[in-house]
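Visitor: sequence-free structure coming up:
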């Protein structure tokens, strides 16, 4: 069984920062339709801050790396995605504490904890047009793939694909949480920016985490 | 005190809300977690900032977090996870609306409410934001603004209930408060009356024993209720001893044959020549309008404005000649004059073509009739005030300036007779008037109150029989028996003259005993003055023969209220006492509080030893803004009246000099001067008496505190009672030392502690050189007597 190295984790986070930088205008566009139009800028600010700290913690355990990401996002993102992604990585850190590499199962468990953290924090249920709608299918696909005995690389690709499907499923949904919920029915027809940035997180994971192995 | 954390996306919003909250919350710790630092001013929330803010205001009393929306809530929740369990249990996220919640929470926190209370009140504040439906019927009560309605019920303790003076006081009391207040008389079912309208209050007909419900709403609602509660508890400002003579008491007296019976309106007996006062203002009704409504309106406006000045002069004169209590009658008249409905009615009549004179007469008659038709004697008596006020206006419109009462010739003692007396008439009678008789009028009229204040015997309500009395007839007036006798037989006349002479002598003796100076048999004069807490004490002290005030405790103004008194409020309170004292010595002690007497609006660090802590002058110097306000108020009084200012709890020259410098800073712009002194309570002050004596104008020794500090024995500790010995040579030696040092520099020393009233201590205190004893008002005459017995 291949394991997920610290270097792979660092590559994932750097790649995510890069993707967010590329996609920030798109995210902002999505958010302007149904929110306050700051998701792209907020995430970009947060991930750039993360990027600047990664080198300092590159030699530490994965738990510390996740924790650093969490604390940085908490205090730099500004919008709701700050405490939500912050909580996500904080919970991931609790599984990864003291480890310099993770087994696919451990990663899956970390992902599960992170998603549970977001659910607890945002009090969102599936179908309410949030990050959860991308993340939950992503976790389920990862877990079932791993349970079926496929490689981690394949499982995480399946997970990313599920996240993409989940993201697309948010388009017809009516928002029940956050600023978008103020629009009520008028929020339908727009892709949720949070679900979009969540999909990007899994999409980059599929590209980076399996590593060179 | 519970702390507040404001979490917002916007720094500007949080800062604005913090300003609003601090207006209500004073010293409540408030921390902000709002906006992002990078880039500066960016919109957003930061969980770690929330965490830092919590830590900043955290105490075991707890922290309430208010949030604007969305990520503010998420960030705050996230922040809580970083707290340890103990702290997390004392931090509450409050789902109240940001602005309303913050203000309500700050208000409650300042009042010392528990964490749960603060949260509950903040959440309730949100629920109260209900915009009133537009179709609510408009009653005579003012529209109640937003916010919780607070209400309380009171049973009126004083005989006359809400009569003109208390009504005027209520209107004044509420003038500075942001609250809509209404009163209902639950006993009679009258009201609701707007508490800002004198007439509405009077028409409640609220009397002794009636239950009055007060409702208040607005930011100052609680304060309004608190002040009214205090006012009702103080007998609505009526002196308890002002027992009203009644018609029933008249019947019991021995009435000579042929006497005309009335009611005893003011005690005393007198014999004099009758003079009738006939009021002629009715002829003004004949004044025709100039035909130019605009011109008449202008005359009306000017006359109202000048009448205002007339009444203000009466207030000042009556305060000076009699008392603030009697002058309040004219305060009430002033409010009557300013009653918008009165002027509006006159204005409408002028618009309809009436002359200014006709308009005043008719609108006053209308108002007077409302009162006259009342079943209540007190309200009926108010009709005379309305007429009196109208008279002031008419005089300004060109009616004869003097009332006939002022024209009586002054060669003989005169008994004035009238249909009824106007209060303003009684206030300025020539000195040869010895008694008053009236056809109508009652004991509860303001004329009667003024007669009592002036010591003039009066019999009112005699009826038509009085009209038989003609000018220059001799009249005997018995203000206790409640009758008058025209042309009394020689025997009765002699008996009364004797009685009058006897009365006079008794009165003089009684007065002299109380008001003579206290001089020892050896010829040394000791001034006996009073310790007071307010104007009522000062009044009592003067009646008891106090030669002044040796200690005016100003704390009463500062206690039991959510915020410090304004300069204006303090000025008025100090000035009221200074006015009453008419130039007698007044020593005002600056704010003397500390850990042992905490104030809700003054957060003080917890002290293990408050008596050895930040109190008295130490506190004032530590909180200069509070001190400055008080000094400015005192400086304004010092600019008008002689004043002594005394600083409590001084232990070093530096403290005294700092206080003196702050006084000078306050006094210089007003060119105000006051004698400055210190209280000697610490052994340090007593031991440095020589140095202090070169700089201070006087000393006053607080023996209670001095003793406790000399013996290091807390006053309130029963186990140490034996050490609380002000007679101990150790204490007396310090007092003597202060006297020696003071006298060497030509300064005086007073004692304002309990020791000064202790008959066992007085001989020693006087012997070691104390110049002044300042004691409780009730003890003044006793202490004087005690001094007179000394060798």
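Guide: Structure received. Worth saying up front: this structure is predicted, and the values here are computed from it rather than measured.
Visitor: Confirm that residue B:7 sits in a helix.
Guide: No - going by DSSP: H, G, I helix; E, B strand; the rest coil, the assignment for residue B:7 is strand, not a helix.
Visitor: In this structure it contacts residue B:74, no?
Guide: No - contact between residue B:7 and residue B:74 fails when scored by C-beta atoms under 8 Å: they sit 9.9 Å apart. (Glycine included, C-beta is placed from N, CA and C.)
Visitor: Looking at the two, which one has more neighbours?
Guide: residue B:7 (30 against 27; other C-beta atoms under 10 Å in any protein chain shown).
Visitor: Contact partners for the more buried one?
Guide: B:14, B:33-34, B:45, B:50, B:53, B:65-68, B:72-73, B:75-76 (C-beta atoms under 8 Å, 6 or more residues apart in numbering or on different chains).
Visitor: Those in helices, which ones?
Guide: B:14, B:50, B:53, B:72, B:73, B:75, B:76 (DSSP state H).
Visitor: got the contact list for the last one?
Guide: Spelled out, it's residue B:76. Here residue B:76 is in contact with B:5, B:7, B:33, B:45, B:47, B:50, B:65, B:67, B:93 (C-beta under 8 Å, 6+ apart).
Visitor: The third one: how many residues sit nearby?
Guide: In other words, residue B:33. For residue B:33, the neighbour count with other C-beta under 10 Å is 27.
Visitor: Can you name the residue of chain A nearest chain B?
Guide: The nearest approach of chain A to chain B comes at residue A:78, 2.0 Å away (C-beta to the nearest C-beta).
Visitor: Scan the ones in helices among the contacts of residue B:7 and report the most crowded one.
Guide: Sorting these by how many neighbours each has (other C-beta under 10 Å) puts residue B:75 first, at 33 neighbours.
Visitor: doesn't residue B:46 make contact with that residue?
Guide: Yes - if you go by C-beta under 8 Å, residue B:75 and residue B:46 touch, sitting 6.3 Å apart.
Visitor: Common neighbours of the two, please.
Guide: Common contacts of residue B:75 and residue B:46 (C-beta under 8 Å, 6+ apart): A:74, A:82, B:33.
Visitor: which strands and helices sit next to the helix or strand harbouring residue B:732?
Guide: Using DSSP states H and E, the element containing residue B:732 is helix B:729-744. Judged by 3 or more C-beta pairs under 8 Å, 6 or more residues apart in numbering or on different chains; DSSP states H and E, the packing partners of helix B:729-744 are helix B:683-687, helix B:689-693, strand B:698-701, helix B:703-710, strand B:748-751.
Visitor: Can I take it that residue B:336 is in a helix?
Guide: Yes - checked against three-state DSSP, residue B:336 lies within a helix.
Visitor: ok, back up a step: could I get the contacts of residue B:76 as a markdown table with pLDDT?
Guide: As requested, the contacts of residue B:76 are exported to a markdown table (pLDDT from 0 to 100):
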| residue | pLDDT |
| --- | --- |
| B:5 | 94 |
| B:7 | 93 |
| B:33 | 91 |
| B:45 | 88 |
| B:47 | 89 |
| B:50 | 92 |
| B:65 | 94 |
| B:67 | 92 |
| B:93 | 91 |
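Visitor: Switch the residues you listed over to CSV; also include distance to residue B:678.
Guide: Formatted as CSV, the contacts of residue B:76 follow (distance: C-beta to C-beta, whole Å):
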residue, distance to residue B:678
B:5, 44
B:7, 49
B:33, 47
B:45, 53
B:47, 54
B:50, 49
B:65, 47
B:67, 51
B:93, 51
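Visitor: Identify the residue spatially nearest to residue B:208, adjacent ones excluded.
Guide: Once flanking residues are discounted, residue B:208 sits nearest to residue B:159: 4.9 Å by C-beta to C-beta, 6 or more residues apart in numbering or on different chains.
Visitor: so where do the helices sit in chain A?
Guide: Here chain A has its helices, by DSSP H, at A:6-34, A:39-57, A:62-76, A:81-96, A:104-122, A:132-147, A:152-169, A:193-208.
Visitor: what would those helices look like in TSV with mean neighbour count, mean pLDDT and distance to residue A:184?
Guide: Shown next, in TSV, are the helices of chain A (neighbours: other C-beta atoms under 10 Å in any protein chain shown; pLDDT from 0 to 100; distance: least, C-beta to C-beta, whole Å):
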stretch	mean neighbour count	mean pLDDT	distance to residue A:184
helix A:6-34	19	93	10
helix A:39-57	20	93	20
helix A:62-76	24	93	29
helix A:81-96	26	94	22
helix A:104-122	21	93	19
helix A:132-147	22	95	18
helix A:152-169	22	94	19
helix A:193-208	25	95	18
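Visitor: Which among those is found nearest to residue B:756?
Guide: Closest to residue B:756 of the helices of chain A is helix A:62-76 (C-beta to C-beta; 64.8 Å).
Visitor: and residue B:383, what does it touch?
Guide: Contacts of residue B:383 (C-beta under 8 Å, 6+ apart): B:368, B:369, B:371, B:372.
Visitor: could you redo the last one with a cut-off of 7 Å?
Guide: B:368, B:371, B:372 (C-beta atoms under 7 Å, 6 or more residues apart in numbering or on different chains).
Visitor: Now tabulate those in CSV and tack on distance to chain A and secondary structure.
Guide: Formatted as CSV, the contacts of residue B:383 follow (distance: C-beta to the nearest C-beta, whole Å; DSSP: H, G, I helix; E, B strand; the rest coil):
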residue, distance to chain A, secondary structure
B:368, 62, helix
B:371, 59, helix
B:372, 64, helix
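Visitor: Give me the buried subset of those.
Guide: Taking 16 or more other C-beta atoms under 10 Å in any protein chain shown as the criterion, what is buried in the contacts of residue B:383 is B:368, B:371, B:372.
Visitor: Surely the first one and residue B:388 touch.
Guide: When you say that, I think you mean residue B:368. No - counting by C-beta atoms under 7 Å, residue B:368 does not reach residue B:388; the two are 10.0 Å apart.
Visitor: residues in chain A within reach of chain B, list them.
Guide: When proximity is defined as C-beta under 7 Å from any C-beta of the partner chain, chain A approaches chain B at A:42, A:71, A:74-75, A:77-80, A:82-84, A:86-87, A:121-122, A:178-179.
Visitor: quick one: contacts of stretch B:19-35?
Guide: In contact with stretch B:19-35 (C-beta under 7 Å, 6+ apart) are residues B:1, B:3-11, B:13-15, B:18, B:41-46, B:49-50, B:53, B:56-57, B:99, B:102-103, B:106-107, B:109-110, B:563, B:601-603.
Visitor: Nearest residue to the residue nearest to the spatial centre of chain B in space, please, no chain neighbours.
Guide: Chain B has residue B:573 as the residue nearest its centroid, 6.3 Å off, counting by C-alpha atoms, centre = their mean. Spatial nearest neighbour of residue B:573, excluding adjacent residues (C-beta to C-beta, 6+ apart): residue B:557 at 5.6 Å.
Visitor: Residue B:544 now?
Guide: Using C-beta to C-beta, 6+ apart, the closest residue to residue B:544 is residue B:780 (4.1 Å).
Visitor: Neighbours of the one you found, how many?
Guide: By other C-beta under 10 Å, the residues close to residue B:780 number 28.
Visitor: Just the buried residues of the helix or strand containing it, please?
Guide: Using DSSP H and E, residue B:780 sits in helix B:780-788. For helix B:780-788, the neighbour count (16+ other C-beta under 10 Å) marks B:780, B:781, B:783, B:784, B:786, B:787 as buried.
Visitor: Distance of the fourth one relative to residue B:263?
Guide: The span separating residue B:784 from residue B:263 equals 38 Å under the rule C-beta to C-beta, to the nearest Å.
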